[in-house]
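A.B. asks: Give me coordinates for this.
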Amino acid sequence: MKLLLKFTLLITACCTNAARHYTMVDDTELLVSHSENTVSLDGCSSKWPENLDKKSYSYATLKGNEFGVTTNGDITLNIANDDFASVRFTTPDNPDFSRRLNFIPAPNQYNKANFTTVSISSCAGNFSQSAACVKTIQSNQNIRITTNPDEQFIELYCLLEPNRQYYLNFVNKNDPYSDDPPECLDPDVLSCAVFFSEGAL
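C.D. replies: Numbers count the residues shown, from 1 in each chain. This next block holds a predicted model:
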């Protein structure tokens, strides 16, 4: 089944005894399928963090331009403690492209995350080892991205294919698949923010 969404839409998909909610905040093409214990988006069947709802965004909507266009600007993404976030982006059509995502503390008006696990995957919500990379971050850390498999010190990079759609997935947990709920640095607040920008390499 293929749905072309042109507006904000809340979908509840039920498979077996499980229910999931998806909030689409921009134009999104959604493929919905299911297996015994999973709900699949975009033809993926990766396991999502338990008991959390998915919020979908596009990189261009959050930043004002596509990924890789400029290092100017930043993204602040406020994530509720009962959600995880997936940010859709497309890598530039360049076989020798590299970038750094710089994560720093969110501005003072936002609650700070204690731990945030970030993954980059062709599947939304995939924090497993099948993702292109998975990293748990605190403040002042970065993720390096390249489309060049011959990049020097490639083991330090997240290797992606050029001109391909990926998802930046975020959940405010040290272990995305643990039974513990997400928690902010202040355990009494109900949401906390991720703040990051692009940097040249």
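A.B. asks: residues contacting Ser122?
C.D. replies: Asp42, Cys44, Ala132, Arg164, Gln165, Tyr166, Tyr167 (Cβ atoms under 8 Å, 6 or more residues apart in numbering). Glycine gets a C-beta too; all of them are placed from N, C-alpha and C.
A.B. asks: now these: which count as buried?
C.D. replies: Neighbour counting over the contacts of Ser122 (16 or more other Cβ atoms under 10 Å) leaves Asp42, Cys44, Ala132, Tyr166, Tyr167 as the buried ones.
A.B. asks: Would you format those as JSON lines with secondary structure, distance to Asp180 and pLDDT included?
C.D. replies: Converted to JSON lines, the buried ones among the contacts of Ser122 look like this (DSSP: H, G, I helix; E, B strand; the rest coil; distance: Cβ to Cβ, whole Å; pLDDT from 0 to 100):
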{"residue": "Asp42", "secondary structure": "coil", "distance to Asp180": "28", "pLDDT": "53"}
{"residue": "Cys44", "secondary structure": "coil", "distance to Asp180": "24", "pLDDT": "75"}
{"residue": "Ala132", "secondary structure": "coil", "distance to Asp180": "25", "pLDDT": "95"}
{"residue": "Tyr166", "secondary structure": "strand", "distance to Asp180": "27", "pLDDT": "97"}
{"residue": "Tyr167", "secondary structure": "strand", "distance to Asp180": "23", "pLDDT": "97"}
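A.B. asks: neighbours around the residue lying closest to Asp186 once chain neighbours are set aside, how many?
C.D. replies: Counting by Cβ to Cβ, 6 or more residues apart in numbering, Asn111 is the residue found nearest to Asp186 once chain neighbours are left out, at 6.1 Å. Neighbourhood size, Asn111 [other Cβ atoms under 10 Å]: 19.
A.B. asks: Was I right to think Asn111 contacts Phe195?
C.D. replies: No - if you go by Cβ atoms under 8 Å, Asn111 and Phe195 don't touch, sitting 11.3 Å apart.
A.B. asks: What confidence value was assigned to the most centrally placed residue in the chain?
C.D. replies: Nearest to the mean C-alpha position of the chain, by Cα atoms, centre = their mean, lies Asn169 at 1.8 Å. If you check Asn169, the pLDDT there is 98.
A.B. asks: thought it was touching Asp83?
C.D. replies: No - under the criterion of Cβ under 8 Å, Asn169 makes no contact with Asp83, lying 11.5 Å away.
A.B. asks: residue boundaries of the helices in this structure?
C.D. replies: Assigned by DSSP state H, the chain shows helices spanning 59-63.
A.B. asks: where in it is pLDDT low?
C.D. replies: Scanning the chain for pLDDT under 70 picks out 1-43, 45-46.
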